[in-house]
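Asker: Fold the following, please.
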Amino acid sequence: MLLVANHPNSLLDPVIVQAAARRAVRFLAKAPLWDDPKTAWLVKLGKAIPVHRASDDPTKLARNAAMFDAVHAALARGDAVGLFPEGISHSAPSLTPLKTGAARIALGAAPLVGGAFPIIPVGLVFREKDVFRSEALAVVGSPLEWGDLAVRGLDDPAAVRELTERIDAAIRRNTVNLAQWEDQPLVECAMKVWEAEQRAEPDPAARVARLGEATRILAAVREHPDAETTALMREVTTHQRRLARLRLRPSDLVADVGLARSGRWATRRLMLAMPLGVIAAVVGWLLFVIPYRLTGTVVDRFTLERDTRSSWKLLLGGAIYLVWVVGLAVGAGLWRGWPTGLAVLLAVPTVGLAGLLVRERWRGAWSDLRRWVLLRSGRRLVDTLRTSQQHLGQRLDRLFEQHALRGPE
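Answerer: The predicted structure follows:
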C-alpha cells in the first residue's frame, strides 16, 4: 500500500503516520537528512528511501531513478510505503499544491504489483503542533479508486495529472484547509456551537470532517455573500469572543451543572488530592524540571519555523532527558551501589510520567471547577448566552443543510 499524507510538522509526521498504519512503513525522505548527523541515524533506522529535490541540489536529480526503482520494488514485495506529496513541511493554513511523485510511483508500480493497489490518504491535524503533549490526530481515509488509471501507465501524462488530483482531493477530505489562519476561531466556534446544540457525538474524525466542510461553506459564502449569512458569521464571531473572555466553551452552555452530577465529578477526582497523587506530582516535577527547562531554552536559541520546532524539541529533548536519567542512575549507583542505580533508572521515568499525568488532571479539574462556579453563579449572564447560542445553532443548522454538510468517509 501507498500512504499519502499532508506534511504540517516535519519529523513528527512520519511518526504519527507510522502509528496510524499499525505496521512497518518505509518513508520517502529528502536526501539532506542522510548528511545531517542529528537525523541520519533516524532515516537509516527506519529504512527510509532518499529523494533528491531540485531545491536541495539540482545536479543530483538523476539519482531519483534509483529511488523510483527502490520504491517500486518495495511495493512489489508487499511493503507499505509512506510519502508526503506536498514535498515540503510547512505551516500554511491549507494543503499546498501536490507534486506528481506519488502518482508516478503508483502508476509505475502497478504493472509489478498486478494492477491498482491501495492508496490510503491520511490527514494529520494538530491542536498546537509545537507544544509538548498537545492533541494530534491522524484521520485515515478510504482507499482511492484508480483502477481506470492503473492500466494507462506511467507514460500517460494525463493519467499522472488525474491521479495527482484524486490524491489531492482525498487528503483534503481528511484535513482542515483554511483560506487564512484568521478564519480558524470562526470556523471552530461555528462547528462547536452546532455540535453543542445538536448534541453531536464528539468523535475526533467526524469533527475534522465537519470542520473541513465548514471551511468549504465559508469559502462558498465569501464567494457569493448575502446579508443574512454575513450577519450570522459576524454574530458567531461576537459569541466566540464573549465565550473566550469568560473562558467558556459552547458545550459548557448546554452542560448539566446540577448538584448530583457535580458530586459524581468531584468523587471521581478525589484521588487527585490523595497523598500519593500529590507526592507523585511534586516529585515528578522536581525530577524533570531541569531537563524540561533546558530543552525549551536550547530550542528557543534557534530561529526555527513553527513546523520544525517539535522535531527539534523531540531530538534535543530526547537526548537531554536520556543523559539526565542516566546521570541520575549513575550518581545513585556510585553513591549506594549498582542495584540502587538500576532501580533509579527504572523508577525515575515512571515517577516522572505519573506526576505529569496527575498535574495535567489537576489543571483540567481546576478549569472545570472555575467554569462550574461561573455557570452556577452567573445565571443571568449564562441564560443570555444560552439563548443567543440556541438561535445561532438553529441558523447554523439551516446553513449547513443548505450546503449539504457531510460527515466523514
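Asker: where do the helices sit along the chain?
Answerer: For the chain, the helices defined by DSSP state H occupy 12-21, 37-45, 64-76, 101-113, 147-150, 157-173, 184-198, 204-223, 227-246, 259-268, 275-300, 306-336, 338-377, 379-402.
Asker: May I see those helices organised as CSV, with mean neighbour count and distance to N6 added?
Answerer: Yep, even glycine has a C-beta here, placed from its N, CA and C like the rest. Converted to CSV, the helices of the chain look like this (neighbours: other CB atoms under 10 Å; distance: least, CB to CB, whole Å):
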stretch, mean neighbour count, distance to N6
helix 12-21, 19, 8
helix 37-45, 13, 20
helix 64-76, 16, 20
helix 101-113, 21, 12
helix 147-150, 16, 22
helix 157-173, 18, 6
helix 184-198, 20, 16
helix 204-223, 18, 12
helix 227-246, 15, 26
helix 259-268, 11, 37
helix 275-300, 15, 24
helix 306-336, 16, 11
helix 338-377, 15, 28
helix 379-402, 15, 25
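Asker: Remind me what the top strand by length along the chain packs against, helices and strands.
Answerer: Ranked by residue count, the top strand of the chain under DSSP state E comes out as strand 119-126. The helices and strands touching strand 119-126, judged by 3 or more CB pairs under 8 Å, 6 or more residues apart in numbering; DSSP states H and E, are strand 2-5, helix 12-21, strand 136-140, helix 157-173.
Asker: The longest one vs helix 101-113, what angle?
Answerer: The reference is to helix 157-173. Helix 157-173 runs at 110 degrees relative to helix 101-113, counting by axes from the mean of the first three to the mean of the last three CA atoms, to 10 degrees.
Asker: ok, back up a step: including distance to P121 and mean pLDDT, could the helices of the chain go into CSV?
Answerer: CSV is the format used below for the helices of the chain (distance: least, CB to CB, whole Å; pLDDT from 0 to 100):
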stretch, distance to P121, mean pLDDT
helix 12-21, 11, 94
helix 37-45, 23, 83
helix 64-76, 17, 90
helix 101-113, 10, 94
helix 147-150, 16, 95
helix 157-173, 4, 96
helix 184-198, 21, 92
helix 204-223, 12, 84
helix 227-246, 30, 93
helix 259-268, 38, 81
helix 275-300, 31, 93
helix 306-336, 20, 94
helix 338-377, 32, 93
helix 379-402, 24, 92
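Asker: With distance to P58 added, can I get those helices in CSV?
Answerer: Listed next are these as CSV, based on distance: least, CB to CB, whole Å:
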stretch, distance to P58
helix 12-21, 25
helix 37-45, 21
helix 64-76, 11
helix 101-113, 16
helix 147-150, 29
helix 157-173, 21
helix 184-198, 37
helix 204-223, 36
helix 227-246, 46
helix 259-268, 60
helix 275-300, 32
helix 306-336, 23
helix 338-377, 46
helix 379-402, 48
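Asker: so which of those helices gets nearest I88?
Answerer: helix 306-336 (8.9 Å; CB to CB).
Asker: got a list of what K313 touches?
Answerer: K313 sits next to D130, F132, T295, G296, V299 when contact means CB atoms under 8 Å, 6 or more residues apart in numbering.
Asker: do you know how far it is from T267?
Answerer: According to CB to CB, to the nearest Å, K313 stands 37 Å off from T267.
Asker: now do D130
Answerer: Computed with CB to CB, the distance linking D130 and T267 is 37 Å.
Asker: just E360 next, same as before
Answerer: Where T267 is concerned, E360 sits at a distance of 19 Å (CB to CB).
Asker: Equivalent analysis for V122, please.
Answerer: In terms of CB to CB, V122 sits 40 Å off from T267.
Asker: do D79 as well
Answerer: From D79 to T267 the distance is 51 Å (CB to CB).
Asker: now W146
Answerer: W146 is 54 Å from T267, by CB to CB.
Asker: before we move on, what about R241?
Answerer: Distance check for R241 against T267: by CB to CB, it reads 35 Å.
Asker: what does D57 give?
Answerer: Distance from D57 to T267, by CB to CB: 63 Å.
Asker: and what of H7?
Answerer: Per CB to CB, H7 is found 45 Å from T267.
Asker: One more: M274?
Answerer: M274 sits 13 Å away from T267, going by CB to CB.
Asker: The nearest residue to L253 once chain neighbours are set aside and G393, how far apart?
Answerer: Leaving aside its sequence neighbours, L253 sits nearest to R386 (CB to CB, 6 or more residues apart in numbering; 4.8 Å). Separation of R386 from G393 (CB to CB) stands at 10 Å.
Asker: V25 now?
Answerer: 41 Å.
Asker: Render the CA-only coordinates of stretch 332-347 in PDB, please.
Answerer: Only the C-alpha atoms of stretch 332-347 are listed here, as PDB (Å, rounded to 0.1, in the frame of the first residue of the first chain):
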ATOM      1  CA  ALA A 332      22.800   6.800  42.600                       C
ATOM      2  CA  GLY A 333      24.900   3.800  41.700                       C
ATOM      3  CA  LEU A 334      28.200   5.400  42.700                       C
ATOM      4  CA  TRP A 335      26.500   6.500  46.000                       C
ATOM      5  CA  ARG A 336      24.600   3.400  47.000                       C
ATOM      6  CA  GLY A 337      25.700   0.600  44.600                       C
ATOM      7  CA  TRP A 338      24.600  -0.700  41.200                       C
ATOM      8  CA  PRO A 339      21.300  -2.200  42.500                       C
ATOM      9  CA  THR A 340      20.200   1.300  43.600                       C
ATOM     10  CA  GLY A 341      21.400   2.800  40.300                       C
ATOM     11  CA  LEU A 342      19.300   0.200  38.300                       C
ATOM     12  CA  ALA A 343      16.300   1.000  40.500                       C
ATOM     13  CA  VAL A 344      16.700   4.700  39.900                       C
ATOM     14  CA  LEU A 345      17.000   4.100  36.100                       C
ATOM     15  CA  LEU A 346      13.600   2.300  36.100                       C
ATOM     16  CA  ALA A 347      11.800   4.400  38.700                       C
END
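Asker: which residues sit against it?
Answerer: Taking CB under 8 Å, 6+ apart as the rule, stretch 332-347 contacts V325, V326, L328, A329, V330, G331.
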